[in-house]
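Visitor: Sequence plus the predicted model coming up.
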2 protein chains.
Amino acid sequence: MARDEESALIWTRPEPRTRRPKFTREQIASAALAIADAEGFAAVSMRRIASELGAGTMTLYYYVRTKDELVALMDDALMGEVLVPAEEFPTHWYDALTAVATRTWDVLIRHPWALHSLQSAPLGPNNMRHFEQSLAAVADTGLDAADKFALLGIVDDYVHGSVLRACAPTVSGETVEEALRYAENLVATGEFPQIQALFGGDVPREDSRHAYAQAVDVASARDRFLRGLSALLDGVAARMNLSLPPS
Amino acid sequence: MARDEESALIWTRPEPRTRRPKFTREQIASAALAIADAEGFAAVSMRRIASELGAGTMTLYYYVRTKDELVALMDDALMGEVLVPAEEFPTHWYDALTAVATRTWDVLIRHPWALHSLQSAPLGPNNMRHFEQSLAAVADTGLDAADKFALLGIVDDYVHGSVLRACAPTVSGETVEEALRYAENLVATGEFPQIQALFGGDVPREDSRHAYAQAVDVASARDRFLRGLSALLDGVAARMNLSLPPS
DNA sequence: GCGTTGTTGGTACGCCGTACCAAAGCTTGG
DNA sequence: CCAAGCTTTGGTACGGCGTACCAACAACGC
């Protein structure tokens, strides 16, 4: 026993399979994913996953060393969804990056829990494939390795930040009224002239409520995301002397 | 009793003060902040904060309804640090936004725990001040309210995304070697031609380790952040027909 | 068949957030 | 100056968490 000191990375530790085990890491991850999507990330507990699978709680620990590792599996499973099918892959770097970023945004927005733990699976195979695909997207730029790295990082950062805010918890129901009343009082102190000006002279509360609803709306969040992405890519193209797409 | 049905927002609920209480919300928040900075966000528990203050655990619940509210207080306290002193505030929108974004980045990077809960205090007074300041930054753009909103959102998104990745947990020590060996094996499968090309023919492991160290380094992360920010602002300026600073 | 060992899962420990409620002490009316 | 009545304190307890430890079970090689 203990002939092989076990790897610290789950990706290099083989999953059990010498004597047909009842489960697989993939099953476990997808059960966890289903719970997270249905009831939120907080509902994902080892006991809960196990009972969903009809397993004993501790059995999971034979497939995974800690809950963090399990979360890493969840994240990597998500990254699998992010991959853009080869046939949809544009040739020009600008379009290709846009496609990758947009798909990433669309997937992450449907799994709001992901960002609280993303980055925990930086080496997962699907994350590697995403990275590979991102590199392919900028292959025709002629940039050197470091600049490609920087470019992809910047775009990823923006995507994640955008999702992060779009997923932010929002007040709802009666609390909206209360928040508006509170904001009105704050503005009335005179400490916030810019905000006051923004909501011009005497904006009725109905308008503010509408503005709030739109700020929270997913569709307009996606719109903001796309506008920002284009601006970002434009700017990067100029700074790095890259061509823009023909369109 | 229960004459006033208590507000759902902590910001509108007055803190206890009719009969000199022992603590203040501010004290509690700053104790929590100290713990988070010293030992990580996970170490912040109600019991821990209370014992740090020499209080009974349940006493905290007289100042705060739930732990989430307490976290909101922490976040808002952080946002206080983010405010740019008036005398350092540039006049041109490009420089002003850069100043605000950079300061935000610098503060958040020192409190890596913040992003897991930021957005939980969207209405906190310091967050409002930050918003006010951001609006002041773009006051001279002549944009309408919706466009200002969009512009600020895009920049904030990028800042948060950048911090998020810069704070991502990184492998360290012996695990680095293991990760490199793992990556080498993956690349050797031929499934990752782009990655293979990036690390050119036969990059020695020493170089890869160096590349990794640099990717993780905070200073170069800040550098990437600033480059991306400039690109973003350039792009936005072009798309929204805004002037660039004289410099 | 038996021994080996991969696989399962029960029990238990020390954390967590917080509901409930009794005690303590400030403040005011008399 | 005392009593009443409130604000403020904090003890106890409950259900849940991650997981260490370890006994039992079952699949395979011989």
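Guide: That came through fine.
Visitor: For the rest of this, base every contact and every neighbour count on C-alpha atoms.
Guide: Will do.
Visitor: got the buried residues for the helix or strand encompassing residue A:225?
Guide: Using DSSP states H and E, residue A:225 sits in helix A:218-240. Neighbour-count burial for helix A:218-240, counted by 16 or more other C-alpha atoms under 10 Å in any protein chain shown, picks out A:221-222, A:224-237.
Visitor: now do stretch A:182-197
Guide: The neighbour-count check on stretch A:182-197 (16+ other C-alpha under 10 Å) flags A:182-183, A:186-187, A:192-196 as buried.
Visitor: cool, and stretch A:66-76?
Guide: A:69-76.
Visitor: Can you pull the domain assignment for chain A?
Guide: With domains defined by automatic domain parsing, chain A comprises A:10-76, A:174-216.
Visitor: Just name the shakiest helix or strand of chain A by mean pLDDT.
Guide: The weakest-scoring helix or strand in chain A, judged by mean pLDDT, DSSP states H and E, is helix A:205-216 (a mean of 79).
Visitor: so where's chain A shaky on pLDDT?
Guide: A:1-5, A:200-203 (pLDDT under 70).
Visitor: hmm, 80 instead?
Guide: A:1-6, A:118-120, A:172, A:199-205, A:207-209, A:211-212, A:215-216, A:247 (pLDDT under 80).
Visitor: Write out the residues of it neighbouring DNA strand D.
Guide: A:18-20, A:43-48, A:57-58, A:65-68 (C-alpha under 7 Å from any atom of the strand).
Visitor: near chain B, which of the residues you listed show up?
Guide: The subset of the residues of chain A next to DNA strand D within reach of chain B, by C-alpha under 8 Å from any C-alpha of the partner chain, is empty.
Visitor: In helices, which of those fall?
Guide: A:46-48, A:67-68 (DSSP state H).
Visitor: Skipping its backbone neighbours, what lies nearest residue A:41 in space?
Guide: residue A:113 (5.5 Å; C-alpha to C-alpha, 6 or more residues apart in numbering or on different chains).
Visitor: residues touching the one you found, list them.
Guide: Applying C-alpha atoms under 8 Å, 6 or more residues apart in numbering or on different chains, we find residue A:113 in contact with A:36-37, A:40-41.
Visitor: Pull out the buried members of those residues.
Guide: For those, buried by 16+ other C-alpha under 10 Å: A:36-37, A:41.
Visitor: Does the one residue sitting closest to the centre of chain A belong to a helix, a strand or coil?
Guide: The centroid of chain A falls nearest to residue A:108 when counting by C-alpha atoms, centre = their mean (3.8 Å). For residue A:108, the assignment made with DSSP: H, G, I helix; E, B strand; the rest coil gives helix.
Visitor: gap between it and residue A:159?
Guide: 9 Å (C-alpha to C-alpha, to the nearest Å).
Visitor: Check residue A:15 too.
Guide: Distance, residue A:15 to residue A:159, using C-alpha to C-alpha: 33 Å.
Visitor: got it, and residue A:218?
Guide: Taking C-alpha to C-alpha, one finds residue A:218 at 15 Å from residue A:159.
Visitor: ok, now residue A:124?
Guide: From residue A:124 over to residue A:159 (counting by C-alpha to C-alpha), the distance is 19 Å.
Visitor: Name the residue in the two with the higher neighbour count.
Guide: When residue A:124 and residue A:159 are compared on other C-alpha atoms under 10 Å in any protein chain shown, the one with more neighbours turns out to be residue A:159, at 26 against 22.
Visitor: what residues does chain A put near DNA strand C?
Guide: So chain A meets DNA strand C at A:1, A:16-23, A:54-59, A:62 (C-alpha under 7 Å from any atom of the strand).
Visitor: what two of the residues you listed are the furthest from one another?
Guide: A:1 and A:54 (29.6 Å; C-alpha to C-alpha).
Visitor: hmm, back to that, among the domains of chain A, show me which one is buried the most.
Guide: domain A:10-76 (a mean of 16; mean count of other C-alpha atoms under 10 Å in any protein chain shown).
Visitor: could you pull out the helices for chain A?
Guide: Using DSSP H, helices in chain A cover A:25-39, A:46-53, A:67-82, A:93-109, A:125-137, A:145-166, A:174-188, A:193-198, A:205-216, A:218-240.
Visitor: So the longest one, near chain B or not?
Guide: Yes. Under the criterion of C-alpha under 8 Å from any C-alpha, helix A:218-240 makes contact with chain B via A:224-225, A:228, A:230-236, A:238-239.
Visitor: I'd like these as a markdown table, with distance to residue A:27 appended.
Guide: Converted to a markdown table, the residues of helix A:218-240 next to chain B look like this (distance: C-alpha to C-alpha, whole Å):
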| residue | distance to residue A:27 |
| --- | --- |
| A:224 | 36 |
| A:225 | 33 |
| A:228 | 37 |
| A:230 | 38 |
| A:231 | 41 |
| A:232 | 39 |
| A:233 | 39 |
| A:234 | 42 |
| A:235 | 43 |
| A:236 | 41 |
| A:238 | 46 |
| A:239 | 46 |
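Visitor: So which residues make contact with stretch A:224-244?
Guide: With C-alpha under 8 Å, 6+ apart, stretch A:224-244 has contacts from A:94, A:98, A:102, A:141, A:151, A:155, A:158-159, A:162, B:150-151, B:154, B:228, B:230-236, B:238-239.
Visitor: With stretch A:161-171 instead?
Guide: Contacts of stretch A:161-171 (C-alpha under 8 Å, 6+ apart): A:105, A:108-109, A:112, A:115, A:216, A:218, A:221, A:225, B:119-120, B:154, B:156-162, B:164.
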